[in-house]
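1. Sequence plus predicted model, see below.
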Amino acid sequence: MRSALRLSSIFCGLLLAIQPACADPGTLSSEQANVLGTSFAITLVTNDDTNLSAAEAAALAEIDRLSKILSTYDPDSEIAQLNARNEMIVSAEMIAVLRACEAFKTESNNAISCRLGDIIERWDQAEQSGAAPATAEMRLMAGYARRATVEIGAEDYRVQLGERVSLNLNAIAKGYIIDRALEAAYQAAPGAEGILIDIGGDLAAIGTGPHDGDWHVKAGTGPAAQVMMLQSGAVATSGQSTRDREIDGRSYGHVLSPKDGWPVEEIAEVSVIAPDTMTADAMATALMVMSIADGLRWIESKPDIDAKILAKDGQVFTSRQWQARLVAAADQSEQALTWPEGYEFAVSINIPDLDVANYERPYVAVWIADTRRTLIRVLLLAGDEPRWIEENYFWHRRFGRKAGSLVDAVSEPTRRPGNYTLLWDGRDHNGAVVPDGEYVLHVEAAREHGGHQHESLSFMLSADPIVLNYEAGEELGPVTMTFGPGS
């Protein structure tokens, strides 16, 4: 069913703006069902009614054209023909998506792959039969897919698939189609100041939005959803959903890890904001597979991309600039601390190079808690093996056993001997500014074949500068905590 209405009737619901009043009456919107198997909506900022119909028709035509190339649900599509023949000349669009997917596979260390056709088919068969596949079988299939050759012509559009590999482009094809549909719509409606296309919650916008030039859009689903400010760019979300498979009374997620062919379990949902939807789509899928710590480091290496990761245990992790993109950012990111401008909170630790037999690098934990022993922020968790958490037994007993996915998000390899400086921005792990008051800095180190050391430094967080020192101990060199003008 199709409808085209002025903003006053549907725009607030479509874009989830939080203001009581909607944008100007020149914003038009239209919706349709069953486009790429889900919902479709297009919104234009324009004073010309004909722009909406022209943009929508162009977008839908492009979606239909590209789905006949990239859809694995169409047995006559180009991707289906390629999988059947193993070698053929393909379209420029197919080449673009394949090259992008192979590049994302390399960059993400195989956290996303378009080579999972056989693995996806095997899970579909398992759902039909009611018997889950064996983990060893899926690991074997994942290994075949990872090592298989996918030759993409450098000068022509010939693609050749090696043995035991079948392509499935779903991880990024939807994003690519949205980007191309948006481009087609924008070209068909030159009088529009801005256009937004939303297909099943993945969306892209271009041009001027209705909220002081921005678009207000939803990122995520359910209670975890947030309203974000978006200019020209895209949002994509991946996660556990109603598409999950039910096999023998158990639910299996539809997002599969290319590393072992098994559904991911530790992460519930990921939302990504990126310059284009294909990138956002690909990175959202990859972040579902990566460890939380690796995923956050990957996102932080990309200045124009932000992400929010919802772990299975309910913990939320975001990239540094995510909060600034929230529609309510003015309230949430306001510096409510009494910190004078230019001040910083720094902890300097020294990991000594001890001249002892069987020396192993120490496991180190540095964190801030309040006086009621509530964890505020972890500054460092470093250890090479899972059991290191228990070796730092003060951290483990008081905090680590309750930290859940937080440990996965902040852990890193044990650091080499040397001097290190850790900074705290005055916020807790949820991004909220902590109030002034009394807090405790904990520093703990344990070493295999060695000893154990735990130090705690109480301090008052206020406008006053702080300098606290601990002398070298059994496993750590001097520890210094400073609060004052930054370097």
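-> Done, it's in. Not measured: the values here are computed from a predicted model.
2. Where does the prediction get shaky in the stretch 251-400 of the chain?
-> Applying pLDDT under 70 to the stretch 251-400 of the chain flags the ranges 329-338, 356-359, 385-388.
3. show me where it has helices.
-> 277-289, 292-300, 322-325, 329-332, 388-391, 393-395 (DSSP state H, counting those that start in this stretch).
4. deepest of these, which one?
-> Mean neighbours per residue, mean count of other CB atoms under 10 Å, is largest over the helices of the stretch 251-400 of the chain for helix 277-289, with a mean of 28. Heads up, the C-betas are built off the backbone N, CA and C, glycines and all.
5. which helices and strands does that helix pack with?
-> helix 92-107, helix 170-188, strand 202-207, strand 233-239, strand 267-274, helix 292-300, strand 306-311 (3 or more CB pairs under 8 Å, 6 or more residues apart in numbering; DSSP states H and E).
6. In JSON lines: the ones you listed, plus distance to residue 143.
-> Formatted as JSON lines, these follow (distance: least, CB to CB, whole Å):
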{"stretch": "helix 92-107", "distance to residue 143": "14"}
{"stretch": "helix 170-188", "distance to residue 143": "19"}
{"stretch": "strand 202-207", "distance to residue 143": "31"}
{"stretch": "strand 233-239", "distance to residue 143": "24"}
{"stretch": "strand 267-274", "distance to residue 143": "23"}
{"stretch": "helix 292-300", "distance to residue 143": "21"}
{"stretch": "strand 306-311", "distance to residue 143": "27"}
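7. Compare those and give me the one nearest residue 113.
-> helix 92-107 (5.0 Å; CB to CB).
8. Run the angle between that closest one and helix 277-289 for me.
-> 30 degrees (axes from the mean of the first three to the mean of the last three CA atoms, to 10 degrees).
9. Flag every buried residue along helix 92-107.
-> 93-95, 97-98, 100-101, 104-105 (16 or more other CB atoms under 10 Å).
10. ditto for stretch 214-221
-> 214-221.
11. Could I get the average pLDDT for it?
-> In this model, stretch 214-221 carries a mean pLDDT of 91.
12. Next up, the contacts around residue 152.
-> 95, 98-99, 102, 159 (CB atoms under 8 Å, 6 or more residues apart in numbering).
13. hmm, try it at 7 Å
-> Residue 152 sits next to 95, 98-99, 159 when contact means CB atoms under 7 Å, 6 or more residues apart in numbering.
14. Same list, those residues, but as JSON lines with distance to residue 170 and pLDDT please.
-> Below are the contacts of residue 152 laid out as JSON lines (distance: CB to CB, whole Å; pLDDT from 0 to 100):
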{"residue": "95", "distance to residue 170": "18", "pLDDT": "96"}
{"residue": "98", "distance to residue 170": "13", "pLDDT": "96"}
{"residue": "99", "distance to residue 170": "17", "pLDDT": "96"}
{"residue": "159", "distance to residue 170": "17", "pLDDT": "96"}
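15. Closest to residue 436 out of those residues?
-> residue 99 (53.3 Å).
16. How about the closest one, nearest residue that isn't a chain neighbour?
-> In this structure, residue 99 finds its nearest non-sequential neighbour in residue 152, 6.0 Å apart by CB to CB, 6 or more residues apart in numbering.
17. Kindly report the same for residue 377.
-> residue 368 (4.9 Å).
18. Tell me how far the one you found lies from residue 183.
-> Remark: distance between residue 368 and residue 183 (CB to CB, to the nearest Å) = 48 Å.
19. Compare those two (neighbour count), which wins?
-> residue 368 (23 against 17; other CB atoms under 10 Å).
20. so that one touches residue 441, yeah?
-> Yes. At 5.6 Å, residue 368 counts as touching residue 441 under the criterion of CB atoms under 7 Å.
21. related to what we said a few turns ago, for the residue nearest to residue 99, list each beta-bridge partner.
-> Here residue 152 shows beta-bridge partners residue 159, assigned using DSSP bridges.
22. do residue 470 as well
-> Under the criterion used (DSSP bridges), residue 470 bridges to residue 479.
23. Was I right to think it contacts residue 454?
-> No. Here residue 470 does not reach residue 454: they are 10.9 Å apart, not a contact under CB under 7 Å.
24. Quote the end-to-end distance of stretch 299-309.
-> 11 Å (CA to CA, to the nearest Å).
25. try stretch 349-360
-> For stretch 349-360, the end-to-end distance is 18 Å (CA to CA).
26. got it, and stretch 258-269?
-> 18 Å.
27. From the chain's centroid, how far away is that stretch?
-> Distance of stretch 258-269 from its chain centroid, counting by CA atoms, centre = their mean, to the nearest Å, is 14 Å.
28. neighbouring contacts of that stretch?
-> Contacts for stretch 258-269 (CB under 7 Å, 6+ apart): 110-113, 116, 119, 135, 138-139, 141-142, 145-146, 220-221, 224, 237, 239-240, 252-253, 255-257, 288-289, 309-312, 405.
29. and those residues, which of them are in strands?
-> Cross-referencing those against strands under DSSP state E gives 237, 239, 252, 309-311.
30. burial measure for the closest residue to residue 138 other than its chain neighbours, as a count.
-> Excluding the flanking residues, the one nearest residue 138 by CB to CB, 6+ apart is residue 261, at 3.3 Å. Look at residue 261: counted by other CB under 10 Å, it has 25 neighbours.
31. quick revisit: buried among the contacts of stretch 258-269? Need that as a selection in PyMOL.
-> To isolate the buried ones among the contacts of stretch 258-269 in PyMOL, judged by 16+ other CB under 10 Å, type:
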select buried, resi 110+111+112+113+116+119+138+141+142+145+220+221+224+237+239+240+252+253+255+256+257+288+289+309+310+311+405
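32. does residue 154 count as helix, strand or coil?
-> Of the three states, residue 154 takes coil under DSSP: H, G, I helix; E, B strand; the rest coil.
33. Which pLDDT does the model give it?
-> 82.
34. Please determine how far the closest residue to residue 253 other than its chain neighbours is located from residue 123.
-> Residue nearest to residue 253 in three dimensions, not counting chain neighbours: residue 263, with 3.9 Å by CB to CB, 6+ apart. Using CB to CB, residue 263 is found at 8 Å from residue 123.
35. Name the nearest residue to residue 467, sequence neighbours excluded.
-> The shortest distance from residue 467 to any non-neighbouring residue, by CB to CB, 6+ apart, is to residue 482 (5.3 Å).
36. my guess is the one you found contacts residue 346, does it?
-> Yes. Between residue 482 and residue 346 there is a contact under CB under 7 Å: 5.1 Å.
37. quick one on the thing from earlier: distance of the residue nearest to residue 138 relative to residue 123?
-> For residue 261, the distance to residue 123 - CB to CB - is 8 Å.
38. If anything else comes up later, I'll come back, but that's it for now.
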